[in-house]
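>>> need the 3D shape of this:
(chains A and B)
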Number of protein chains: 2
Amino acid sequence: MPRDASNPLLLTPGPVSISLSTKMVMLKDRASGGVEFQADLKFARDYMVGLVGGQGAYTAIPLPGSATYANEAVIAALVPPGGKLLIHTNGVYGDRLIEMCAHTGKAYTALRTPPFTPATTVQFETAIRADPALTHVMVVHCETSTGVLNPLEALADICRRYSKGLLIDAVASFGAIDIDAKRLGFQAVTVSSNKCMQAAPGIGWSVVQKTALENAKGNCPTLVLDLWDQNQHMDRTGAFRFTPPTQVLAAFAQACREHQAEGGTAARLARYRRNWRRLVDGMRQMGFSTVVPDEFASPIVATFHNPDHPAFSFQKLFEGMQRRGFIIFPGRLALADTFRIGCMGEVTEADMAEAMTAVAETMAEMGVTGLGRTDLAAAD
Amino acid sequence: MPRDASNPLLLTPGPVSISLSTKMVMLKDRASGGVEFQADLKFARDYMVGLVGGQGAYTAIPLPGSATYANEAVIAALVPPGGKLLIHTNGVYGDRLIEMCAHTGKAYTALRTPPFTPATTVQFETAIRADPALTHVMVVHCETSTGVLNPLEALADICRRYSKGLLIDAVASFGAIDIDAKRLGFQAVTVSSNKCMQAAPGIGWSVVQKTALENAKGNCPTLVLDLWDQNQHMDRTGAFRFTPPTQVLAAFAQACREHQAEGGTAARLARYRRNWRRLVDGMRQMGFSTVVPDEFASPIVATFHNPDHPAFSFQKLFEGMQRRGFIIFPGRLALADTFRIGCMGEVTEADMAEAMTAVAETMAEMGVTGLGRTDLAAAD
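Purely as a prediction, here's the structure:
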């Protein structure tokens, strides 16, 4: 049965497609002070702390907005006046953290490494040793602009040895890739309500070490982004400080239940891996090649080179896919000759197989034939 | 037919009940870069500018979060370093603006007037003359904590005469009470996506004078709340800077279509007035009295005294109403012996009549009988 092109499956870096049962929760109006809403809030907060194994030592704080709000709030709260942040970047989302600090006047140093490979232990350690003023290090776990996965465990070891606070942007990995508080000892991890948690976008979550947050009172230059204040109010009253996005929060609690029912982070990762495998194998069979070497790629999103064929146009591929009920995504500006296909969200291997058929049909329509198989050969 | 107590009608100061057709829009996943989503964004922005008659001179900027975010963003953008804000307060939401400025270190003076009447022209003018350092004045149009409506036209005249920038928190009035840019000449008005606009909570809107915003570059101490930056990016690209709450924005566009279909602001006001009339008449017939004199009350929410009867308990009234499918709201801390019933949202006079029956039944259940009719008499 052909897909409904007016309600396509999103194969993008986000917003991603989420389950109908999660969206159905939004058909109800809820009082933000109601028992049911506050139970959802408590369940979601506890679930998020549980996902990092942080019971007792960590607190989960939802901030209406997006994950970018959570990143800005975490930096404002945890890097104190007089503190200094090392920001690693190998992509668009690392660059955004830098933009944030440049905008707000937060002291920082940028560690810029090449885009298609993770940073190395040596690069992190060299940067940390070079600047004794550094108090914190922030890294993007999964760079959504490429799919590259940066090494958390190695960085956490270094932060422990040099006594630096570790802040993790896990916006595109949390929920599908395990992030363990005891092993990593991070001060904060930030999360999108959408992406691998598969709820509606509209809330940025932070899971923060309580001892780190205790010292954060008064650090935030705004009221609405003040994580310390949001957390104390929520702990004390069980409610948000300001009118919350009730539908989005209720959907998030439902998404947590579905995450749990699927089998948690490990099961979600296994599904995304199957999606990614089916995607990358299928695209390679058609002659596409991936930008990121397989050993550095996450099963979140894959980046492909535009094939070097006179009849190929990304715009035509996009439109052909859209007509067949799938949304794919262009590359980012700096990677203009690439495009991306996401593996996150309410997407199965069977969906991905259908998407591969749609790519093949669209390529035939375009008249792109006989693409080289160099990437496939190289991967053998 | 009895109402569904598990899906009650919200008669609260917000979040309010919204139409099923607005919520149904959230059953679809949308790419934030998609043609349909960007058309919804453009339509909603244009519609908001149109509601104040500000075509050409004003821009409408959605900021994911809540209306409190919009208030903080407007103050940060438009009251420049070296500027000073006069904040009028006669309730909880005026107090929140003060808390915001105290928190962020923005220079301000508070003009505090009694809670159950509007501020007067003399009070505004005296405060403005007393402090020549003032550059801006901010007022809460409808104080949701009481329902008191503050006088915009008189204040706008004074601001014009003394050359002060006028900022209006119209969070609980916009969409139901006319706010005219040409008559008022305000620099900014802030709006909730919920309340009288009847969409899902999750976006704070600002409608801002373009000439005022031009000077706002670099004023905001955060990246995510930077209205200047949000506006220029949106004007340039037709898209949000950061992942938007796609469901909430799409629902907002639908809510604008339904606002238009209802007959715009005037028709919505007429419906809320009928709701308010039915509510206040019904409650008075049962012996309740209102806190705010009718001539100062808005048809947004009504505040009632807890009756002085030994068998009355607000908690029991709340629970009895909830069992019958209606959610009402306690008073705010400073007004602990009051409660509130809202008239906003997808609520009709027939709903309100049913709610009055539910109040009568609950009062009988409690054994509260023979309440005095002093308030009814006084209103004659």
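>>> could you pull out the helices for chain A?
A:20-24, A:35-51, A:67-78, A:92-104, A:121-130, A:152-162, A:181-184, A:210-214, A:227-237, A:246-262, A:264-285, A:314-323, A:349-366, A:374-379 (DSSP state H).
>>> I'd like the ones you listed as TSV, with mean pLDDT appended.
Shown next, in TSV, are the helices of chain A (pLDDT from 0 to 100):
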stretch	mean pLDDT
helix A:20-24	98
helix A:35-51	97
helix A:67-78	98
helix A:92-104	96
helix A:121-130	98
helix A:152-162	98
helix A:181-184	98
helix A:210-214	98
helix A:227-237	98
helix A:246-262	98
helix A:264-285	98
helix A:314-323	96
helix A:349-366	97
helix A:374-379	41
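>>> mind putting the ones you listed into TSV with mean neighbour count and distance to B:T144?
C-beta here means a position set from N, CA and C on the backbone, and glycine is covered the same way. Compiled in TSV, the helices of chain A are given as follows (neighbours: other CB atoms under 10 Å in any protein chain shown; distance: least, CB to CB, whole Å):
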stretch	mean neighbour count	distance to B:T144
helix A:20-24	17	29
helix A:35-51	18	19
helix A:67-78	27	24
helix A:92-104	19	31
helix A:121-130	16	50
helix A:152-162	17	45
helix A:181-184	15	40
helix A:210-214	15	31
helix A:227-237	17	18
helix A:246-262	22	16
helix A:264-285	18	41
helix A:314-323	17	43
helix A:349-366	17	45
helix A:374-379	14	60
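>>> spell out which parts of the stretch 151-300 of chain A neighbour chain B.
Within the stretch 151-300 of chain A, the residues that sit near chain B (CB under 8 Å from any CB of the partner chain) are A:192, A:194, A:200-202, A:221-226, A:242-248.
>>> isn't A:A250 up against A:F37?
Yes: A:A250 is in contact with A:F37 according to CB atoms under 8 Å; the separation is 6.8 Å.
>>> which residues do these two both contact?
A:R30 (CB atoms under 8 Å, 6 or more residues apart in numbering or on different chains).
>>> for stretch A:309-316, measure first residue to last.
This stretch, stretch A:309-316, spans 13 Å end to end (CA to CA, to the nearest Å).
>>> show me the contact partners of it.
A:N306, A:P330, A:F339, A:T362, A:M363, A:E365, A:M366, A:G367, A:V368, A:L371.
>>> report the contact partners of the nearest residue to A:E99 once chain neighbours are set aside.
Spatial nearest neighbour of A:E99, chain neighbours left out: B:L223 (6.5 Å); criterion: CB to CB, 6 or more residues apart in numbering or on different chains. If you count contacts by CB under 8 Å, 6+ apart, B:L223 has them with A:T68, A:E72, A:E99, A:M100, A:H103, A:T104, B:D229.
>>> ok, now with 7 Å
A:E72, A:E99, A:M100, A:H103, A:T104 (CB atoms under 7 Å, 6 or more residues apart in numbering or on different chains).
>>> distance check, it against B:G94.
28 Å (CB to CB, to the nearest Å).
>>> now do A:D337
When distance is defined by CB to CB, A:D337 is 55 Å away from B:G94.
>>> do the same with A:V280
57 Å.
>>> cool, A:A360 as well?
From A:A360 to B:G94 the distance is 62 Å (CB to CB).
>>> cool, A:T369 as well?
For A:T369 relative to B:G94 (CB to CB), the value is 69 Å.
>>> cool, and A:K42?
31 Å.
>>> how about A:E319?
Separation of A:E319 from B:G94 (CB to CB): 52 Å.
>>> contacting residues around the residue in the stretch 251-380 of chain A that chain B sits nearest to?
Among the residues of the stretch 251-380 of chain A, A:I327 lies closest to chain B, at 4.8 Å counting by CB to the nearest CB. Contact analysis of A:I327 by CB under 7 Å, 6+ apart lists A:P8, A:L10, A:L11, A:T12, B:A31, B:G34.
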